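Trainee: structure for this input, please:
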Amino acid sequence: MQFSIQYIRQDSIMHRMDALTKMLWIFLIGIYGFVLGSPLLLGISVLLVILTGLVFGRIPAIMFLRVSGYLWILGIAVGLGQLAIRRGGAVLVPLPLLPITEQGLEWALRFAFRIMLIAYASMVYIWTTDPRKLVLGLIHLGVPYRFGYGLYVALRFMPLMENEAEVIRQALTVRSVAEVSGRVEAMRRYAMPLLVAGIRRSENVAITMDSRAFGAFPTRTYVESFRWTISGAMLLLAYLLIGAALIYLGAQSGGLFQRI
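Mentor: The predicted model follows:
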């Protein structure tokens, strides 16, 4: 539970689903996010994704709390941009530099919920999908294994860099180096050590791949084989029905296909 962006080993329904079906689930959620125009329906969709991760993925609530701060900051930043652009409708809060209008608030919520919807779904996918199964799924679709394993290495590097940052922090604490305040100062302190560590690990990975003749043959053999799962198909079917209901409600209220 130490990291926020890595696969969590767990025995749950979503963990037993195949990687490709869950990827289709993300695409389906992305389509709903851009079809639905009502901020209320988009907010309901975000809650459904979180509940899916909590109930069917058995993801601890603390994991959602850890990433929610970053997602809310991103959503608020995009929302402020919409408040500055959209000036139509009645003025709700007459601020001097950035008056909040009815249209601006609606578009701000719409874009913020769209970003959080796709981001939360992506995090649920990362938390419940073994990168090795993702590689097997991509190869099953005909993707060259070089690209599949490249994605696998990228996914593995994220938790490794988080672990490296924690090691650096503990080393500085042992040496009685005072903690810095603010994210900017923290980035300045950790940027160079993490860059050096990343280059060192990349060189080690490259040497290991060369020593094992990676890429020398057109195909590879695998211990496991990819297979579609019934639970994954049921997840897609459930979200198809839920999405159809949300789209119907959006059509009744005229909140579909809002132009940017």
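
Trainee: going by C-alpha atoms from here, please, whenever you check contacts or count neighbours.
Mentor: OK.

Trainee: what about stretch 248-255, distance to the chain center?
Mentor: 28 Å (CA atoms, centre = their mean, to the nearest Å).

Trainee: so what touches that stretch?
Mentor: 36, 37, 38, 41, 256 (CA atoms under 8 Å, 6 or more residues apart in numbering).

Trainee: now, which of those residues sits nearest residue 212?
Mentor: Nearest to residue 212 among the contacts of stretch 248-255: residue 36, at 48.9 Å, using CA to CA.

Trainee: would you confirm that the closest one contacts residue 42?
Mentor: Yes: in this structure, residue 36 is within contact of residue 42 by CA atoms under 8 Å, at 6.7 Å.

Trainee: narrow the contacts of stretch 248-255 to those in helices?
Mentor: Judged by DSSP state H, the subset of the contacts of stretch 248-255 located in helices is residue 41.

Trainee: which one of the contacts of stretch 248-255 is nearest to residue 245?
Mentor: Distances from residue 245 to the contacts of stretch 248-255, taken by CA to CA, are shortest for residue 41, at 10.3 Å.

Trainee: give me the neighbour count for the closest one.
Mentor: By other CA atoms under 10 Å, 20 other residues sit near residue 41.

Trainee: the residue lying closest to it once chain neighbours are set aside is in what secondary structure piece?
Mentor: The spatial neighbour of residue 41 that comes closest, neighbours along the chain excluded (CA to CA, 6 or more residues apart in numbering), is residue 246 at 6.7 Å. Assessed by DSSP states H and E, residue 246 sits inside helix 230-253.
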